[in-house]
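Asks: Have a look; sequence and predicted model below, questions after that.
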Amino acid sequence: MNNENKTVAFKVPNINFIGNRKIAFIIAIALISISFLALIIRGGLNFSVDFVGGTELQVSFEDDMRSEIGEIRKIVSSLDLGTPEVKLVASTGGKGTEMQITVKAQGQDVSVRDKITAAFNRDLPGKNFTVLREETVGPKVGKELQADAFKAILLSILVILVYLAFRFKYPYGIASIVALTHDAIICVGLFAVTGWEFSIPVLAAILTVIAYSINSTIVIFDRVRENVGNQAFAKMSFDDLVNKSVNETFIRNMVTTGSTLFVVLSILIVFLGSGNILENFAATLVVGFIAGTFSSLYIAGAVLVLWNKKWAIRK
Amino acid sequence: MRKSSIWAILLTIFFIGASIYTLYPSISLYMKSAEEQRKVINEDPLLRKKIINLGLDLQGGMRLVLEVQRTKENQNDETLLDRAYTIVENRINGLGLTEPNIQKQGRDRLIVELPGLTDEKIAKEVVGSTAQLKFHILRSNAELENAIRVIDKVLRNEISAKTENDTAEAKQSQEQQLAESLFGVTGNENSEEKTEIDTVENEETSVSKFSDYLIMARGDIAVREKDKPAVSAILKRPDVIDALRKGGFSSSKFLWENKASVDASSRTRYYGLFLVKSEAAMSGENIESAREEMSQDQFRASSPVVSLVFNNKGAREFEKVTARNVGERMAIVLDDFVYSAPTINEKISMGRAQISGSFTLEEARNLAVVLQAGALPAPVEIVEERVIGPSLGYDSIEKASWAMLIGFVLISILMVYRYKLSGLIAIAGVILNILFLLGIMAGLSATLTLPGIAGVILMVGMAVDANVLIFERIREELAMGKAPITAIETGYSRAFRAIFDANITTIFVALILYNIGSGPVRGFALTLMIGIIVSLYTALTFTKTVFRVATASGKVKKLSI
């Protein structure tokens, strides 16, 4: 044996993940309940025009219009297009003001932009502005996307379940789905609580979180599978074995979480307040990755252990 | 050195070379200024297949989704979408943009992407208008007066039903008014006289007479812009339509002028209103070509017009129609709007016609493009419209680059801190990943969107994942006392299963995302998928080979990991 290599630091941590599962479950259930409560109180999510139809305009004024937001809101309201959302957005340069104006869910069509620009021309004389961006989605398309989004999430979960049941035994699949659903609910809960706009990129972020969470869970389960097959641990209780597996892969999970978090945090910071679609996208990823790591460490293994108590996993 | 290592090294060098080769056109293109870029793309249409294309959200432009509106007749027409596709394609090609893009979606939709175009009015007019060209003969002035009188009567009956006005008085002042309007000039004068008459009889009524709204402009009846909705409403009323039918006007209809004219002195905006024969004398389907030109009118300053040339069939038909209607006026109607209504002075055998109106040269050109391409087989509705100005795109690219840089630096610090020299090798692998990813995208001439860039950045974070798995494993083996070479081999083989499972599921999810997403999100799913495949390759081949080669001699006792 080559003793020189013992200088390589490899300390397996000894955190009691499984033992503390009660607390973990309580936290998880609390977060999920908050999410659902927020959803009910808010009466649904603040869907973007992608999902409910409407028009979103990003307008740049040459002058400082910050104090006149109320005025602008009134002008748009008077057009009978529904209640507008008018939001200031971090401008990319100069003294001008950039705003996002959104009208939704009233069956608006492509004439909305013209109506709004005409109103501005009429009621804000002398204030020059440019429309930097316009997104108009008809109500039919919006509904279709809602259905598609729902299908996508369902399909993803199904595919993962099937694949895991195929590669591991199906309790592993179920346990991963539980952890993963927890992550998805927390991401949605983020939007229910904050009322941020839920757009297609956000959906993409949630699917990415699902994929990422599965990664961590698989790494742990792969280790569990390996340890289960290892005769040296045959005497170990299943609980201890799972706990050991989680600890053994802990560092890897932390490093990966760390590096991906660095990356999405830098995206978030750079786009903060700019009204860009990547803003909510990155925020979802940050929250989702943290939730995902938590669920992989504390929830997935715990579910496996519970399952084992009722229906033995190990022969 | 093992044979497999040699192969791996050669393969890696090959991929590096291939990536640089495929990326070269993109790099040389995007280093140029926007002007030069446009020029180069225009000169070489094949270039688009060799470069990474920038999505609309990055370079600015417009995306429209058109839905064909089917009626009972063409409900099952399978060729409908294809025909619409061809016509829309011809139209957008006629706009002279760089790289317009059109795709079919499902049974009824067309997705049109117009990079660089930000005037959504043009897009809607050119792309979305049905463009049914028809020629209608105008009814005579006498008939027009009659029709107006009929409508007035309907409204008057309503008035007298509401109040007890003296109908005789009303009629008299009406005829007086009509006489005034026929000799009068524009709205202002009329309204002055009108108020005197009005106050006499209309004190208690809120319903105005039809002719109250009408003014005279350049020899035709017209309506002030602010009155247009009211007049439209009147013309749509069932009792008015009924009265007109009974009054002998069942084969006539009212049509609006397509564009408002402005009276120079009073700055009033008004629209012409025409009474035409319902049945078109001729349709515009036999046009061979349509072109914008400057008119050669000796009486007026040269102005933009659209010149039509009929094909043989159309020319003969046109000859017949004009011969039959010399002295009459013929309205040139597009999608039920009158563009102009010139008088037919003589039979026209040349098969040419000219549409004049107050066009700008651009409007004339757009109309010519539309007429040339032909009418759509069915009307289309714009169900989705996204317009992005280029400035937002550039700004986003800049921000995203910063994010990439910061993220990369942070990860590098983390990796080197934890895994020392091996960490450095992993980072080298990440750089290769980015190169390969971009190279593949260039090879596929894929489209890079803003979420796509986010995907690349994300991939940087996830790419280290595979390496981390392997390194941790190697560390474990080393801690158990195994020799470096053995530790490396065991590390890789043991970690492989987990890496494979984890990444395959991510690819599945990315595939699902690719299907439901469109445009920007699709770009994200694409970079995610390619990124994962690429990082798998690098982690399992490149870094492994580096390790193998480094320890091949057996002299390395301690692994810097």
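Replies: In hand now; what should we look at?
Asks: switch to C-alpha atoms for all contacts and neighbour counts from now on
Replies: Will do.
Asks: what's next to stretch A:308-315, contact-wise?
Replies: Residues outside stretch A:308-315 that contact it (C-alpha atoms under 8 Å, 6 or more residues apart in numbering or on different chains): A:171, A:228, A:238, A:307.
Asks: I meant stretch B:251-268, not that one.
Replies: B:139, B:186, B:188, B:224-225, B:235, B:245, B:269-279, B:336-340, B:358.
Asks: If any of those are buried, put those into a PyMOL selection.
Replies: Filtering these down to the buried ones (16 or more other C-alpha atoms under 10 Å in any protein chain shown) takes a single PyMOL command:
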select buried, chain B and resi 139+186+224+225+235+269+270+271+272+273+274+275+276+277+278+336+337+338+339+340+358
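Asks: between the contacts of stretch A:308-315, which is closest to B:M480?
Replies: A:V228 (19.5 Å; C-alpha to C-alpha).
Asks: Hmm, the closest one is touching A:A234, no?
Replies: Yes: counting by C-alpha atoms under 8 Å, A:A234 is a contact partner of A:V228 at 7.2 Å.
Asks: Tell me which of these two has more neighbours.
Replies: Remark: of A:V228 and A:A234, A:V228 carries more neighbours, 20 against 13, as counted by other C-alpha atoms under 10 Å in any protein chain shown.
Asks: Helix or strand next in line after the strand or helix carrying that one, which one?
Replies: Applying DSSP states H and E as the criterion places A:V228 in helix A:200-229. Along the chain past helix A:200-229, the next helix or strand (assigned with DSSP H and E) turns out to be helix A:238-248.
Asks: hmm, back to that, going by distance to chain B, which of the contacts of stretch A:308-315 wins?
Replies: Of all these, A:V228 has the smallest distance to chain B: 14.8 Å, by C-alpha to the nearest C-alpha.
Asks: Quick one: neighbours of B:S302, just the number.
Replies: 12.
Asks: OK, contacts around the closest residue to B:Q296 other than its chain neighbours?
Replies: Of all residues not flanking B:Q296 in the chain, B:S302 sits nearest, at 6.0 Å (C-alpha to C-alpha, 6 or more residues apart in numbering or on different chains). Listed by C-alpha under 8 Å, 6+ apart, the contact set of B:S302 reads B:294-296.
Asks: Mind doing that once more with 10 Å?
Replies: Contacts for B:S302 (C-alpha atoms under 10 Å, 6 or more residues apart in numbering or on different chains) come out as B:293-296.
Asks: three-state assignment of it?
Replies: Under DSSP: H, G, I helix; E, B strand; the rest coil, the three-state class of B:S302 is coil.
Asks: Return the backbone torsion pair for it.
Replies: phi -60, psi 130 (degrees, to the nearest 10).
Asks: Quick check: phi and psi at the residue nearest to the spatial centre of chain B.
Replies: For chain B, the residue nearest the mean C-alpha position is B:L64 (3.5 Å; C-alpha atoms, centre = their mean). Torsion angles at B:L64 (phi, psi; degrees, to the nearest 10) stand at phi -120, psi 140.
Asks: and what of B:I102?
Replies: Torsion angles at B:I102 (phi, psi; degrees, to the nearest 10) stand at phi -140, psi 140.
Asks: Ok, B:I344 next?
Replies: Note on B:I344: its backbone torsions stand at phi -90, psi 110 [degrees, to the nearest 10].
Asks: how about it, what does it touch?
Replies: Residues counted as contacts of B:I344 (C-alpha under 10 Å, 6+ apart) are B:137, B:321-330.
Asks: and if you look at B:R324?
Replies: B:R324 touches B:318, B:344, B:346-347, counting by C-alpha under 10 Å, 6+ apart.
Asks: Hmm, A:T256 is touching B:D465, no?
Replies: Yes: taking C-alpha atoms under 10 Å as the definition, A:T256 is a contact partner of B:D465 at 5.4 Å.
Asks: which SS state does B:R386 fall under?
Replies: Following three-state DSSP, the label given to B:R386 is strand.
Asks: Residues in a beta bridge with it, which ones?
Replies: Per DSSP bridges, the residues bridged to B:R386 are A:E135, B:R63.
Asks: burial measure for A:K309, as a count.
Replies: A:K309 has 12 neighbouring residues, counting by other C-alpha under 10 Å.
Asks: mind listing the helices for chain A?
Replies: Remark: helices assigned in chain A by DSSP state H are A:21-42, A:49-52, A:69-77, A:112-123, A:139-167, A:170-194, A:200-229, A:238-248, A:250-271, A:277-294, A:301-310.
Asks: Which one, of those, ends up nearest to B:D152?
Replies: In terms of C-alpha to C-alpha, the element of the helices of chain A nearest to B:D152 is helix A:112-123, at 32.6 Å.
Asks: So which elements touch the closest one?
Replies: Here helix A:112-123 touches strand A:54-61, helix A:69-77, strand A:129-137, helix B:120-122, going by 3 or more C-alpha pairs under 10 Å, 6 or more residues apart in numbering or on different chains; DSSP states H and E.
Asks: could I get the ones you listed as a markdown table with mean pLDDT and mean neighbour count?
Replies: Below are the helices and strands packed on helix A:112-123 laid out as a markdown table (pLDDT from 0 to 100; neighbours: other C-alpha atoms under 10 Å in any protein chain shown):
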| stretch | mean pLDDT | mean neighbour count |
| --- | --- | --- |
| strand A:54-61 | 88 | 24 |
| helix A:69-77 | 85 | 16 |
| strand A:129-137 | 86 | 22 |
| helix B:120-122 | 75 | 16 |
